[in-house]
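Enquirer: what would the 3D arrangement of this be:
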Amino acid sequence: MKTIAIHQPNFLPWRGYFQKIQQADIFVFLDDVQISLGSRKCVTNRVSMVRESTQKWLTMPIIRAEKISDVRLTNKQEPFEKIRNWYRKAPYFKMVIPVLKQIFAYEINYLADFNINAITILCQHLGINTPMLRSSTLGINSQKQDRILDIVSALGGDRYLSGTGAAIYQDEKAFKERDIALEYISHNLSPYPQPNCVTFIPGLSIIDLLMNCGLPPEHL
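Expert: Got it, this is the predicted structure:
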């Protein structure tokens, strides 16, 4: 079977995002859809990290736009400096900070481009070689679930790897009618050392894992 995974290009996403890329035959960045700024669940320009043993949001400053591909950056240096300050005492800071310097040095003014470049660089260091492309290059204009189905079909896929959060609104019958198997990813994410944290904090940016466990980590 040919497995396709699709996801919006998130900002320095959590390790489950990279597991999803790793388990797909082709990964598609959904870069030409509306951005849900203002939503508590929006992670297109923000991600959770740790500051002084407390979970904090790290936000990339932007100029709002309707589509992800049109969102512009205003100050890339601000989040970089925060990461450097928050993790300066992390065990693998000296190993990871050059990778972050490479990511934040990317000369681009658009959020989607920045996020995709960052994810691509991180995949290289994680040993993930899954082919990746943008939905905007496929010329598909259908909406919502139909867009997902059309993308999978256009890439010759017969299995769609979905996040579990989508189960509440996806129509499994529609996938069957298109001969596409619908599979929900099962993340096997064990806790890892987080110095100075009283209890393990899950769901943080992949950067937290790398700062505390090295690059590449023993377990993604």
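
Enquirer: buried residues, the helix or strand of the chain with the lowest mean pLDDT. List them.
Expert: For the chain, using mean pLDDT, DSSP states H and E, the weakest element among its helices and strands is helix 172-177, scoring a mean of 90. For helix 172-177, the neighbour count (16 or more other Cβ atoms under 10 Å) marks residue 175 as buried. Any C-beta I mention is one placed from the backbone N, CA and C, and that applies to glycine too.

Enquirer: got the contact list for it?
Expert: Outside helix 172-177, the residues that touch it by Cβ atoms under 8 Å, 6 or more residues apart in numbering are 145, 149, 160, 181, 182.

Enquirer: show me just the buried residues among the residues you listed.
Expert: Listed as buried from the contacts of helix 172-177 are 149, 160, 182; burial here means 16+ other Cβ under 10 Å.

Enquirer: out of those residues, who's nearest residue 33?
Expert: Set against residue 33, the nearest of the buried ones among the contacts of helix 172-177 by Cβ to Cβ is residue 149 (14.7 Å).

Enquirer: any idea how far the residue lying farthest from the centre of the chain is from residue 149?
Expert: In the chain, the residue that sits farthest from the middle, by Cα atoms, centre = their mean, is residue 177; the gap is 29.4 Å. As defined by Cβ to Cβ, to the nearest Å, residue 177 lies at a distance of 9 Å from residue 149.

Enquirer: ok, residue 32 next?
Expert: 16 Å.

Enquirer: one more: residue 205?
Expert: 31 Å.

Enquirer: hmm, residue 11 is touching residue 115, no?
Expert: Yes: assessed by Cβ atoms under 8 Å, residue 11 is found in contact with residue 115 at 5.5 Å.

Enquirer: who's more crowded, these two?
Expert: More crowded of residue 11 and residue 115, by other Cβ atoms under 10 Å: residue 115, with 24 against 21.

Enquirer: so for the residue nearest to residue 184 when sequence neighbours are not counted, what's the pLDDT?
Expert: The shortest distance from residue 184 to any non-neighbouring residue, by Cβ to Cβ, 6 or more residues apart in numbering, is to residue 164 (5.0 Å). The confidence metric pLDDT takes the value 80 at residue 164.

Enquirer: for residue 164, phi and psi?
Expert: For residue 164, the backbone dihedrals (degrees, to the nearest 10) come out as phi -70, psi -30.

Enquirer: reformat the contacts of helix 172-177 as a markdown table; add secondary structure.
Expert: Below are the contacts of helix 172-177 laid out as a markdown table (DSSP: H, G, I helix; E, B strand; the rest coil):
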| residue | secondary structure |
| --- | --- |
| 145 | helix |
| 149 | helix |
| 160 | strand |
| 181 | strand |
| 182 | strand |
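
Enquirer: below-threshold pLDDT in this structure: ranges please.
Expert: 37-41 (pLDDT under 70).

Enquirer: tell me which stretches of it form helices.
Expert: Counting by DSSP state H, the chain has helices at residues 15-23, 77-86, 93-104, 111-126, 144-154, 172-177, 206-213.

Enquirer: highest average neighbour count across these?
Expert: Of all the helices of the chain, helix 206-213 has the most neighbours on average by mean count of other Cβ atoms under 10 Å, namely a mean of 24.

Enquirer: for the spatially closest residue to residue 136 that is not a sequence neighbour, what are phi and psi?
Expert: Nearest residue to residue 136 in three dimensions, chain neighbours excluded: residue 32, at 4.1 Å (Cβ to Cβ, 6+ apart). Main-chain torsions, residue 32, degrees, to the nearest 10: phi -120, psi 40.
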